[in-house]
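A.B. asks: 3D model of this:
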Amino acid sequence: MPADEDAKSTAQATRIIELLWRHALPSTPGARGPKPGLTVDDVVSAGIALADRDGIDKLTIRAVAAELGLRAMSLYTYVPSKDALIVLMVDAVAAADTPIPADLPVRERMIAIATQIRAELIEHPWLLEVSPWRQVLGPARMRRYERQLAAIDGIGLGDLAMDRAIAVLTDFATGNARLAVAAAGAAAQLSDAQWWEVNGPLLARVMPVGEFPLAGRVGAAVGEHYQAPADPDGAFDYGVATLVDGLLADL
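C.D. replies: Alright, predicted model coming up:
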């Protein structure tokens, strides 16, 4: 990487770190900064509200500025870019996590880790569109990780195994949340019953039942029971309990 690009990249990374940890860093007297009356927190909150309402595709510096009654260029005084704003938004959302009670049985504490992650993603579906790779760690996400580790510390897992257990629970919760969000979005457009009224007869005409005896039998039982193609909530409860029991089996 050329020296000027390397310097620019370092400056951008430094700015994001400083913004993430702004409440932990000492203030600099006399430093240039945003005008009084609006804070970085206000900008981040506006970004979250917009993404929750309209989706992350609609999140732009101009759109957030409009939410706050500002010109787009004014917002760059608070955040240097849309990417930086998203990093701040991800960390701010994580701040809503509540501590996992230490007096719960370890199995329930592990289930709580996945449950909190799933709930956050369902409440803020735009998080599913943010790459989890190389996310810069801010204070809220670090605090969450500390709490997750504390929930399973001392149960017999080594350090790497503790991290992997949290990663597996996170991955499962994320996959299930994606299904739950998709189901909710589809139901808002057309109910499962209405969808099946259209597609059921069409499938019955073209699908050779004799070729799919098991799929036909199980699929019919599932549809009758759930009145939908699947049950994300029930699948989560069953899956996370099975996953946690597997993680604890060798301890």
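A.B. asks: buried residues in the helix or strand hosting residue 116?
C.D. replies: Under DSSP states H and E, the secondary-structure element containing residue 116 is helix 106-123. Residues of helix 106-123 classed as buried under the neighbour-count rule (16 or more other C-beta atoms under 10 Å) are 106, 109-118, 120-122. C-beta here means a position set from N, CA and C on the backbone, and glycine is covered the same way.
A.B. asks: per-residue confidence at residue 35?
C.D. replies: pLDDT, residue 35: 53.
A.B. asks: correction: residue 28
C.D. replies: Note for residue 28: predicted pLDDT of 60.
A.B. asks: need the contact partners of the helix holding residue 116.
C.D. replies: Identification of contacts with helix 106-123 by C-beta atoms under 8 Å, 6 or more residues apart in numbering yields 52, 93-94, 96-98, 100-102, 104, 127-128, 148, 151-152, 155, 165-166, 169-170, 172-174, 176-178, 180-181, 184, 236, 240-241, 243-245, 247-248.
A.B. asks: picking that back up, turn the buried residues of helix 106-123 into TSV, columns for distance to residue 135 and pLDDT.
C.D. replies: Listed next are those as TSV, based on distance: C-beta to C-beta, whole Å; pLDDT from 0 to 100:
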residue	distance to residue 135	pLDDT
106	27	96
109	24	98
110	23	98
111	24	98
112	22	98
113	18	98
114	19	98
115	21	98
116	17	97
117	14	97
118	18	98
120	14	97
121	14	98
122	19	98
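A.B. asks: what's the PyMOL syntax to select whichever of the contacts of helix 106-123 are buried?
C.D. replies: In PyMOL, the members of the contacts of helix 106-123 classed as buried (16+ other C-beta under 10 Å) are selected with the following command:
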select buried, resi 52+93+94+97+100+127+128+148+151+152+155+165+166+169+170+172+173+174+176+177+178+180+181+236+240+243+244+247+248
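A.B. asks: the helix holding residue 116: how far from the chain's middle?
C.D. replies: Relative to the mean C-alpha coordinate of its chain, helix 106-123 is positioned 11 Å out (C-alpha atoms, centre = their mean, to the nearest Å).
A.B. asks: helix or strand right after it?
C.D. replies: Downstream of helix 106-123, the next assigned helix or strand under DSSP H and E is helix 139-152.
A.B. asks: got the angle for that next one vs helix 106-123?
C.D. replies: Direction vectors for helix 139-152 and helix 106-123, defined by axes from the mean of the first three to the mean of the last three C-alpha atoms, to 10 degrees, enclose an angle of 150 degrees.
A.B. asks: packing partners for helix 139-152?
C.D. replies: helix 82-94, helix 106-123, helix 159-189 (3 or more C-beta pairs under 8 Å, 6 or more residues apart in numbering; DSSP states H and E).
A.B. asks: could these go into TSV alongside distance to residue 25?
C.D. replies: Conversion of the helices and strands packed on helix 139-152 to TSV gives the following (distance: least, C-beta to C-beta, whole Å):
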stretch	distance to residue 25
helix 82-94	14
helix 106-123	26
helix 159-189	27
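A.B. asks: right, so of those, which gets closest to residue 15?
C.D. replies: The closest approach between residue 15 and any of those, judged by C-beta to C-beta, belongs to helix 82-94 at 7.0 Å.
A.B. asks: tell me how far residue 55 lies from residue 245.
C.D. replies: 36 Å (C-beta to C-beta, to the nearest Å).
A.B. asks: cool, residue 66 as well?
C.D. replies: According to C-beta to C-beta, residue 66 and residue 245 sit 50 Å apart.
A.B. asks: quick check: which ranges of the protein have low pLDDT?
C.D. replies: Within the chain, the stretches falling below the threshold (pLDDT under 70) are 1-5, 27-36.
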